[in-house]
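Q: need a 3D model of the following:
(one chain, ligands or ions: 1)
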Amino acid sequence: MRGVIARYRAYLPVTETTPIVSLGEGSTPLIPCSRLSARVGRGCEVFVKYEGLNPTCSFKDRGMTVAVSRAVERGAAAVVCASTGNTSASAAAYAARAGIRCAVILPAGKIARGKMVQAVAYGAKVVTIEGNFDAALRIVRELGRRPDFVVVNSVNPDRIAGQKTAAFEIVEELGDAPDLHLLPVGNAGNITAYWNGYREYREAGQSTILPAMLGFQAAGAAPIFYKKIIEQPETVASAIRIGNPASWKSATDAIAASGGAIDIVSDAEIIDAQRWLASEEGIFVEPASAASIAGLFKCCSGARGPAYSFDSIAEGSRIVCTVTGHGLKDPDAFPFSIPSAVAPNESQVMRAIGF
Ligand code: F0G
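A: Residues are numbered from 1 along each chain as shown. The predicted structure follows:
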């Protein structure tokens, strides 16, 4: 088993004596997508970094292995986090693995079932609050002042350090950094982490270019785009239902320094992109993850006034979209009906197939 600490130890805040808590996270596929590439045209190549294939089915595991390992090193008895679902699932799993306690503070009624069941199954103490993620994070910051708790939200720099390894993997697989990198933005830790990773790898001589970073928020939860705190964020993409991101400044810095952009996509665009990616490329992701795909479609359609138009990008540009979480995390966000049963014989079944 080779997790991100084993693979990238020299780039991470660990020492010889850090006890490594790992589930073999990272090394996720970078999938070349011919139909997505065709949507962009002009010989551009689009790749999807499928982070739903981590041990708890989201990108959070990359940072959690580092944060929990370091917490154990410091003798922490418990980790605590606020979450829209995935951080709590990941924290619960790594705490279970480490044999320490975990408490997760969640906005009541706003966590996808697949994520909630993970936190419970891994044995975390689940506390729901009458408030949103931003309120939960405020409380967790206060709890973090107690000596017995280590906060494992991305306000903990160990999380960001671990998450940057996704950029390393992409550089290694492509032989250089891509020209453009698209990803969903919620608490804004991941875009910060990727940018750190790309810069660090270039400084280490592993790559020659830096990508333009393009971040996408849900239109109803877009504080960075609108440059103001959103008190009541709303979106079908519950993972990025955040009105006051913790890494707001570092994300805007990354976007500006990279020559990228922040943009918004509507809930309808997110759900259409989720369905399209599953049915056209065979990659099923949760709604928040589809924001990067919806964003790519928006960039290709000058008519919709994208913040960053692909009309003028170089021919043959290489574009990576990170999709952050697995589709099975949130099946309720994908409405479908189970067809009624037919008689168990070939002709009836053939008729039901209908092609
Ligand atoms: N995609 C998914 C599936 C997420 O769970 C998150 C964040 C993001 C994108 C956005 O990443 O916050 O680094 O900008 N989820 C956090 C959580 C907030 O609690 O699970 P970000």
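Q: so what's the nearest residue to Gly43 once chain neighbours are set aside up against?
A: Nearest residue to Gly43 in three dimensions, chain neighbours excluded: Gly316, at 4.4 Å (Cβ to Cβ, 6 or more residues apart in numbering). (Glycine included, C-beta is placed from N, CA and C.) By Cβ atoms under 8 Å, 6 or more residues apart in numbering, the residues touching Gly316 are 42-45.
Q: which of these count as buried?
A: The neighbour-count criterion (16 or more other Cβ atoms under 10 Å) marks 44-45 among these as buried.
Q: out of the contacts of Gly316, which is nearest to Asn196?
A: Glu45 (24.5 Å; Cβ to Cβ).
Q: quick check: residues of this structure near the ligand?
A: 58, 60, 83-87, 154, 184-190, 239-240, 286, 288-289, 324-325 (Cβ under 6 Å from any ligand atom).
Q: so which of these are in helices?
A: In this view, those that belong to helices under DSSP state H are 60, 86-87, 189-190, 288-289.
Q: could you dump these to a markdown table with neighbour count?
A: Converted to a markdown table, these look like this (neighbours: other Cβ atoms under 10 Å):
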| residue | neighbour count |
| --- | --- |
| Lys60 | 35 |
| Asn86 | 34 |
| Thr87 | 30 |
| Gly189 | 26 |
| Asn190 | 28 |
| Ala288 | 34 |
| Ser289 | 34 |
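Q: which one of the residues you listed is nearest Ser250?
A: Gly189 (8.4 Å).
Q: tell me who's in contact with the closest one.
A: Gly189 neighbours (Cβ under 8 Å, 6+ apart): 63, 154, 159-160, 163, 246-247.
Q: filter those down to just the ones in helices.
A: Using DSSP H, these in helices are 63, 159-160, 163.
Q: quick one: Ile283 from the ligand, how far?
A: 14 Å (Cβ to the nearest ligand atom, to the nearest Å).
Q: tell me what Thr128 is bridged to.
A: As for beta bridges, Thr128 partners with Leu106 under DSSP bridges.
Q: since we're on it, how many residues are nearby?
A: 15 (other Cβ atoms under 10 Å).
Q: wait, doesn't it sit right on Leu106?
A: Yes - contact criterion Cβ atoms under 8 Å: Thr128 and Leu106 qualify, at 5.1 Å.
Q: mind checking the backbone torsions on Ile262?
A: With angles defined as degrees, to the nearest 10, Ile262 sits at phi -110, psi 140.
Q: who does it form a beta bridge with?
A: Counting by DSSP bridges, the residues bridging with Ile262 are Gly215.
Q: show me what contacts it?
A: Ile262 makes contacts with 185, 214-217, 224-225, 251-252, 255, 307, as judged by Cβ under 8 Å, 6+ apart.
Q: the ligand: which of those residues is nearest?
A: Distances from the ligand to the contacts of Ile262, taken as Cβ to the nearest ligand atom, are shortest for Val185 (4.7 Å).
Q: show me what contacts the closest one?
A: Residues near Val185 by Cβ under 8 Å, 6+ apart: 191, 215-217, 224, 240, 245, 251, 262, 291.
Q: make JSON lines out of those residues and add pLDDT.
A: JSON lines is the format used below for the contacts of Val185 (pLDDT from 0 to 100):
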{"residue": "Ile191", "pLDDT": "98"}
{"residue": "Gly215", "pLDDT": "98"}
{"residue": "Phe216", "pLDDT": "98"}
{"residue": "Gln217", "pLDDT": "98"}
{"residue": "Ile224", "pLDDT": "98"}
{"residue": "Ile240", "pLDDT": "98"}
{"residue": "Pro245", "pLDDT": "98"}
{"residue": "Ala251", "pLDDT": "98"}
{"residue": "Ile262", "pLDDT": "98"}
{"residue": "Ala291", "pLDDT": "98"}
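Q: and the residues you listed, which are buried?
A: 191, 215-217, 224, 240, 245, 251, 262, 291.
Q: dump those residues to TSV, plus distance to Ala77.
A: As requested, those are exported to TSV (distance: Cβ to Cβ, whole Å):
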residue	distance to Ala77
Ile191	32
Gly215	36
Phe216	38
Gln217	36
Ile224	35
Ile240	31
Pro245	29
Ala251	32
Ile262	39
Ala291	37
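Q: show me the shaky parts of the stretch 251-355 of the chain.
A: For the stretch 251-355 of the chain, no stretch has pLDDT under 70.
Q: where do the strands of the chain begin and end?
A: Secondary structure of the chain, counting by DSSP state E: strands at 30-32, 45-50, 78-82, 101-107, 125-129, 149-151, 180-184, 212-218, 261-265, 318-323.
Q: make CSV out of those and add distance to Pro233.
A: What follows is the strands of the chain, written out as CSV (distance: least, Cβ to Cβ, whole Å):
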stretch, distance to Pro233
strand 30-32, 30
strand 45-50, 25
strand 78-82, 14
strand 101-107, 10
strand 125-129, 15
strand 149-151, 21
strand 180-184, 14
strand 212-218, 8
strand 261-265, 12
strand 318-323, 21
